[in-house]
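Enquirer: Below is the structure, and that's it, no one-letter string:
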């Protein structure tokens, strides 16, 4: 398709047409910016800004055939703006300590810098009318006709100027110029990083991107707010399909119009979500499913510790507040698999810490999920939103900020170290069903007594001497071990089939432990098992 038709389609809001235009002209734009700035990084920054501006202003372009020259004008405008504000910054010599090292050896890095400098110097020495066509020719070997189109020159003029440029460049410099510019050219996926704003509701954003090149979950986007002359940072929390991504912005975006430019940074966000704004965010993202939560119907998962201590509500919202190495994604996927086939909706808000240092370099969050055989969580009745949390353990104040959600499942690194799987901290997890007495009296009483007993176990490492205290601690350990459970999604690693235990059986076993009914059973028999029948069977096999 010729670029005139693409321009017309893009002007009418077709983001895919604009992506193709960007792919066709990004190298021309880069060459034009590089000619003026003589700096690869600044040139790339200018090109990104220029395409953002072009997307916003495209409806004002009357003649689609004028797009190449019009784009070149925008590029040059942004380049000149950089040149005007460019100043040398004086820094102390000690600042060099903060510069990260490269993989290449020092002498090789020096040679690379010298080659790049020599190539730029050779181009810079050309007369003004030769510099731009020469740069475009050496960047990804653009054809003479393409250069003529972009620079709004005749083909003969381009041929003559390139011939003159070759003559002026020393023969020994030609190969080096070509290799250096190609090594610093724009990446091929640059065009796919540009999307369009579909809707903004407070801090919640929906944007459209090329479906074959979506921004990663928990990556950062920048929404262009032309009216406020700012770029608002957004973290991707969900990819529901069809090229759409949903995100949470650091500042409200109600004033930004539909069609505003959205640029993907292609990098993971490290900024935690603003917990002070979690209420409106949850309300906006969870949508209509929250209406069903008003009835307060308990939604069984078959996971003992969740159903007893922090039960889910049909149509409700759930915060999975994870810490490093606490199995956040595993617990999320287990809930998704157990509930996605049902008819009762539930919305999971997964607050995941940044990747651990041993996370495979270069692997995206979505690729990591796929590698483990997990979905992105949006399956059947369950919709999942991933939000970035901090690196430190959750504080009481932070967990309290999650009050707008119906259920909070706190996954603790401390429980993981103790090999309590799932790593649910029953002392800090909660559910509106228990808080508002929306469960049976028996359930509420058992949950309260279990929490009280387990608080003794985790409050101190000291062991009392009296027989009564030792008995209480032993029952607490049995309760803690009873809440461990093989998961379906973990079967490849545990070599144990996933276990499902009904709420009724889980409550009955907890009551039995509290009342001393199982004091004669060994504590270890309760670890990583299902119901009481399996626990007794484990004793027989030992």
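Expert: Sure thing, it's come through. Keep in mind it's a predicted model, so treat the numbers as computed, not measured. Residues are numbered from 1 along each chain as shown.
Enquirer: Endpoint to endpoint, stretch 487-501 covers what distance?
Expert: Start and end residues of stretch 487-501 are separated by 11 Å (C-alpha to C-alpha, to the nearest Å).
Enquirer: count of neighbours near the spatially closest residue to residue 150 that is not a sequence neighbour?
Expert: Sequence neighbours aside, residue 28 is the residue nearest to residue 150 in space, at 4.1 Å (criterion: C-beta to C-beta, 6 or more residues apart in numbering). For glycine as for every other residue, the C-beta is placed from the backbone atoms N, C-alpha and C. Here the number of neighbours of residue 28 (other C-beta atoms under 10 Å) works out to 25.
Enquirer: would residue 270 count as being in a strand?
Expert: No - with DSSP: H, G, I helix; E, B strand; the rest coil as the criterion, residue 270 is coil rather than part of a strand.
Enquirer: Torsion angles phi and psi at the residue lying closest to it once chain neighbours are set aside?
Expert: Distances taken as C-beta to C-beta, 6+ apart place residue 354 nearest to residue 270, at 5.4 Å, with adjacent residues excluded. Main-chain torsions, residue 354, degrees, to the nearest 10: phi -60, psi 160.
Enquirer: Could you pull up the residues touching residue 354?
Expert: 268, 270, 388, 391 (C-beta atoms under 8 Å, 6 or more residues apart in numbering).
Enquirer: let's see 7 Å
Expert: 270, 388, 391 (C-beta atoms under 7 Å, 6 or more residues apart in numbering).
Enquirer: And residue 304, by the same measure?
Expert: 482-483, 485, 501, 506.
Enquirer: roughly how far apart are the closest residue to it other than its chain neighbours and residue 350?
Expert: In space, and not counting its chain neighbours, residue 304 is closest to residue 506: 4.4 Å by C-beta to C-beta, 6+ apart. As judged by C-beta to C-beta, to the nearest Å, residue 506 and residue 350 stand 24 Å apart.
Enquirer: quick revisit: report the buried members of the contacts of residue 354.
Expert: residue 388 (16 or more other C-beta atoms under 10 Å).
Enquirer: want to throw the contacts of residue 354 into a markdown table with distance to residue 381?
Expert: A markdown table is the format used below for those (distance: C-beta to C-beta, whole Å):
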| residue | distance to residue 381 |
| --- | --- |
| 270 | 32 |
| 388 | 25 |
| 391 | 32 |
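Enquirer: Of the contacts of residue 354, just say which sits nearest to residue 196.
Expert: Closest approach to residue 196 among the contacts of residue 354 (C-beta to C-beta): residue 388, at 23.9 Å.
Enquirer: who does that closest one bridge with?
Expert: Taking DSSP bridges as the rule, residue 388 bridges to residue 352.
Enquirer: you'd agree it is up against residue 272?
Expert: Yes - Residue 388 lies in contact with residue 272 (C-beta atoms under 7 Å); the separation is 5.5 Å.
Enquirer: Would you point out which residue is most central in the chain?
Expert: Nearest to the mean C-alpha position of the chain, by C-alpha atoms, centre = their mean, lies residue 218 at 1.0 Å.
Enquirer: residues contacting that one?
Expert: Residue 218 touches 235-236, 268-269, 365, 386, 388, counting by C-beta under 7 Å, 6+ apart.
Enquirer: tell me which of those is nearest to residue 324?
Expert: residue 388 (13.1 Å).
Enquirer: Could you check how far stretch 238-255 is from the centre of its chain?
Expert: Centroid separation between stretch 238-255 and its chain, computed with C-alpha atoms, centre = their mean, to the nearest Å, is 12 Å.
Enquirer: Report the mean per-residue pLDDT for the longest strand anywhere in the chain.
Expert: Using DSSP state E, we find that the single longest strand of the chain is strand 230-241. For strand 230-241, mean pLDDT rounds to 90.
Enquirer: Phi and psi next, for the nearest residue to residue 15 once chain neighbours are set aside.
Expert: Of all residues not flanking residue 15 in the chain, residue 196 sits nearest, at 4.5 Å (C-beta to C-beta, 6+ apart). Backbone torsions of residue 196, given as degrees, to the nearest 10, read phi -130, psi 140.
Enquirer: so residue 196 bridges to which residues?
Expert: Under the criterion used (DSSP bridges), residue 196 bridges to residue 208, residue 261.
Enquirer: quick check: domain ranges of the protein?
Expert: Per automatic domain parsing, the structural domains of the chain span 3-84+106-183, 191-271, 284-432, 448-541.
Enquirer: one step back: would you mind pulling up the elements that the longest strand of the chain packs against?
Expert: Other elements packing on strand 230-241 under the criterion 3 or more C-beta pairs under 7 Å, 6 or more residues apart in numbering; DSSP states H and E are strand 219-225, strand 244-249, strand 382-388.
Enquirer: In this structure residue 282 contacts residue 317, no?
Expert: Yes - with contacts counted by C-beta under 7 Å, residue 282 reaches residue 317, the gap being 5.5 Å.
Enquirer: worst average pLDDT in the helices and strands packed on strand 230-241?
Expert: The weakest mean pLDDT among these belongs to strand 219-225, with a mean of 87.
Enquirer: Excluding its own residues, what touches that one? List them.
Expert: So strand 219-225 is contacted by 52, 56, 197, 205, 207, 215, 231-236, 247, 249, 253, 256, 260-269 (C-beta under 7 Å, 6+ apart).
Enquirer: before we move on, the earlier item: mind listing the strands the longest strand of the chain pairs with, and their directions?
Expert: Checking strand 230-241 against DSSP bridges gives partners strand 219-225 (antiparallel), strand 244-249 (antiparallel).
Enquirer: Identify the residues contacting the residue nearest to residue 304.
Expert: Applying C-beta under 7 Å, 6+ apart to residue 506 gives the contacts 304, 307-308.
Enquirer: Export those residues to JSON lines and append columns for secondary structure, distance to residue 240 and pLDDT.
Expert: Formatted as JSON lines, those follow (DSSP: H, G, I helix; E, B strand; the rest coil; distance: C-beta to C-beta, whole Å; pLDDT from 0 to 100):
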{"residue": "304", "secondary structure": "helix", "distance to residue 240": "32", "pLDDT": "98"}
{"residue": "307", "secondary structure": "helix", "distance to residue 240": "28", "pLDDT": "98"}
{"residue": "308", "secondary structure": "helix", "distance to residue 240": "32", "pLDDT": "98"}
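Enquirer: just the helices in the stretch 351-500 of the chain please.
Expert: Per DSSP state H, counting those that start in this stretch, the stretch 351-500 of the chain carries helices over the ranges 365-371, 396-400, 413-417, 432-435, 441-459, 467-482, 491-494.
Enquirer: how about the ones you listed, which one is nearest residue 37?
Expert: The nearest among those, by C-beta to C-beta, is helix 365-371 at 33.9 Å.
Enquirer: By neighbour count, which bits of that closest one are buried? Give me those.
Expert: 365-366, 368-369.
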